[in-house]
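In: quick one, fold the following:
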Amino acid sequence: MVQRGFLTDMSLAYAVRIVKLHGYLHTAKNETEMSSALLRCGAGIGALLHAAVYSPTEEDFALKYELAAQQAAEADFWLKLLHETGYLSATEFQSIHADTEQLQKLLLSGSVIAGNGNA
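Out: Alright, predicted model coming up:
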């Protein structure tokens with residue numbers, strides 16, 4: 001079972017990386033549109049997981065996990081697009097993408113656990 005504290009801590013660290021990446025893309029690469037979309041969904045993962053801790057029902061908790069998983073999938077899309085369009089080098093992309101994939105796997109297992117009422 002995925003522990004809520006571990007996942008919320010991980011999502012906060014991921015959000016910090018996304019905020020810093022957004023700043024880098026905005027300042028060094030003069031890219032604003034895709035990086036802003038990435039910022040919204042990347043930080044949104046952590047916001048949803050932190051809010052889920054205070055969910056009044058298991059259904060609300062499960063919904064927040066599902067929404068966070070969707071946000072992670074969207075972040076993955078924006079990262080791939082930033083890489084494919086040359087805004088992220090292969091090294092930059094691989095580093096953050098590995099974190100995104102790990103977060104997605106944990107969220108999906110957490111969504112299954114939450115959906116079964118075992119969270």
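In: so, low pLDDT: which residues of this structure?
Out: 1-4, 110-119 (pLDDT under 70).
In: if we use 50, what do you get?
Out: The model of the chain has pLDDT under 50 over residues 1-3, 112, 115-119.
In: now do the helices in it.
Out: 4-28, 33-52, 58-84, 90-115 (DSSP state H).
In: okay if I get the ones you listed as JSON lines plus mean neighbour count?
Out: In short, each C-beta sits where N, CA and C put it, glycine included. Below are these laid out as JSON lines (neighbours: other C-beta atoms under 10 Å):
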{"stretch": "helix 4-28", "mean neighbour count": "16"}
{"stretch": "helix 33-52", "mean neighbour count": "20"}
{"stretch": "helix 58-84", "mean neighbour count": "19"}
{"stretch": "helix 90-115", "mean neighbour count": "17"}
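In: which non-adjacent residue is nearest T100?
Out: The shortest distance from T100 to any non-neighbouring residue, by C-beta to C-beta, 6 or more residues apart in numbering, is to D76 (5.1 Å).
In: ok, the one you found touching H97?
Out: Yes. Applying C-beta atoms under 8 Å as the test, D76 and H97 come out as touching, 7.3 Å apart.
In: need the contact list for A75.
Out: For A75, the residues meeting the contact criterion (C-beta atoms under 8 Å, 6 or more residues apart in numbering) are I18, L38, C41, G42, I45, T100.
In: any idea how far it is from D60?
Out: Relative to D60, A75 is positioned 22 Å away (C-beta to C-beta, to the nearest Å).
In: try G5
Out: G5 is 19 Å from D60, where distance means C-beta to C-beta.
In: same check on Y24?
Out: From Y24 to D60 the distance is 35 Å (C-beta to C-beta).
In: kindly report the same for L12.
Out: 21 Å.
In: ditto for G86
Out: 41 Å.
In: one more: L108?
Out: 19 Å.
In: show me how far stretch 57-69 is from its chain's centre.
Out: 14 Å (C-alpha atoms, centre = their mean, to the nearest Å).
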